[in-house]
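Trainee: What follows is a predicted protein model with its sequence.
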Amino acid sequence: MTATQPTGEQLKQDGMARAAAGASDEWKTAMLTCVELVARKMSRFTADDVFDLADEQRVPEHTENRAFGPVMMRAARLGYCRKLEEFPDTQLSRRPQLHASPIQIWESLIAGPVDFLSELGL
């Protein structure tokens, strides 16, 4: 008998679970709160926007930011946001440590009415 090889999706889920297990509950809760706050303010956003708010709120940095993926997936399950499903659905990250790699754009499901004048700084 040969052992069944795990699928790519199974390996992805396993990796996300390991990353989430390595993060403190306090960090995960703080980052989920940041996702919710950003999603309430912006109709579209990226992880960069969430990390900007986390920096402003002095959320302690976590040594393994791969734990943020499960935070975003939880935010999606809670109905805060969903992955943008139109082109382009990614943009280049502003965070230097990501070397301008493409990151997912998320669509808020809880944003309030957009005030276009304030968005333009007027």
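Mentor: Looks like it arrived, so ask away.
Trainee: Give me the distance between the closest residue to residue 88 other than its chain neighbours and residue 21.
Mentor: Distances taken as CB to CB, 6 or more residues apart in numbering place residue 105 nearest to residue 88, at 7.3 Å, with adjacent residues excluded. Quick note: C-beta positions are derived from backbone N, CA and C, even for glycine. Applying CB to CB, to the nearest Å, the value for residue 105 to residue 21 is 27 Å.
Trainee: of the two, who's got more company?
Mentor: Between residue 105 and residue 21, counted using other CB atoms under 10 Å, residue 105 has the larger neighbour count: 18 against 9.
Trainee: isn't that one right next to residue 87, touching?
Mentor: No: if you go by CB atoms under 8 Å, residue 105 and residue 87 don't touch, sitting 10.3 Å apart.
Trainee: Just list the residues touching the residue lying closest to residue 83 once chain neighbours are set aside, thanks.
Mentor: With sequence-adjacent residues excluded and distances taken as CB to CB, 6+ apart, residue 83 is closest to residue 104, at 5.8 Å. By CB atoms under 8 Å, 6 or more residues apart in numbering, the residues touching residue 104 are 46-47, 72, 83-84, 89-90.
Trainee: same check, this time on residue 53
Mentor: Contacts of residue 53 (CB under 8 Å, 6+ apart): 34, 37-38.
Trainee: make it 10 Å
Mentor: Each residue near residue 53 by CB atoms under 10 Å, 6 or more residues apart in numbering is listed here: 31, 33-35, 37-38, 41, 45, 59.
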